[in-house]
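the following comprises the amino acid sequence and a computationally predicted model.
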Amino acid sequence: MYTYKTEILTVSSKWWSDKANDADAEMLDELLNQRAEEGWELVTYDYMATSSQIRGAFVVTFRKPRVL
């Protein structure tokens, strides 16, 4: 059995494109490395653009074994 944790990582504002950039990837790497140090394993992630094309977000799900 696992415990799951989902986080939303809002990326920097975009004015001409809703795509993630290098700075956004660095933020994601930081989050992934921090959670790995805490014992969380990455399960899935997705980039969600907004209809306004100003701000998107990564939705990231982690898991770790449940302590019984």
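Cool, the structure landed.

from now on I want contacts and neighbour counts done on CA atoms only, so please keep to that.
Will do.

and the helices in the protein?
22-37 (DSSP state H).

where does pLDDT dip in it?
Across the chain, the ranges flagged by pLDDT under 70 are 13-20, 50-55.

try 90
9-25, 27-28, 47-58, 67-68 (pLDDT under 90).

who touches stretch 29-36?
Identification of contacts with stretch 29-36 by Cα atoms under 8 Å, 6 or more residues apart in numbering yields 41-42.

list the buried ones in it?
Neighbour counts using 16 or more other Cα atoms under 10 Å place L32 of stretch 29-36 among the buried residues.

tell me how far that stretch lies from the chain's centre.
In terms of Cα atoms, centre = their mean, to the nearest Å, the centre of stretch 29-36 is found 9 Å from the chain centre.

can you show me the CA trace of it as CSV?
C-alpha atoms of stretch 29-36 as CSV (Å, rounded to 0.1, in the frame of the first residue of the first chain):
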residue,chain,number,x,y,z
ASP,A,29,13.6,19.6,-10.9
GLU,A,30,13.9,21.4,-7.5
LEU,A,31,10.5,20.0,-6.4
LEU,A,32,11.3,16.5,-7.6
ASN,A,33,14.7,16.4,-5.9
GLN,A,34,13.3,17.8,-2.6
ARG,A,35,10.5,15.2,-2.5
ALA,A,36,12.9,12.4,-3.4
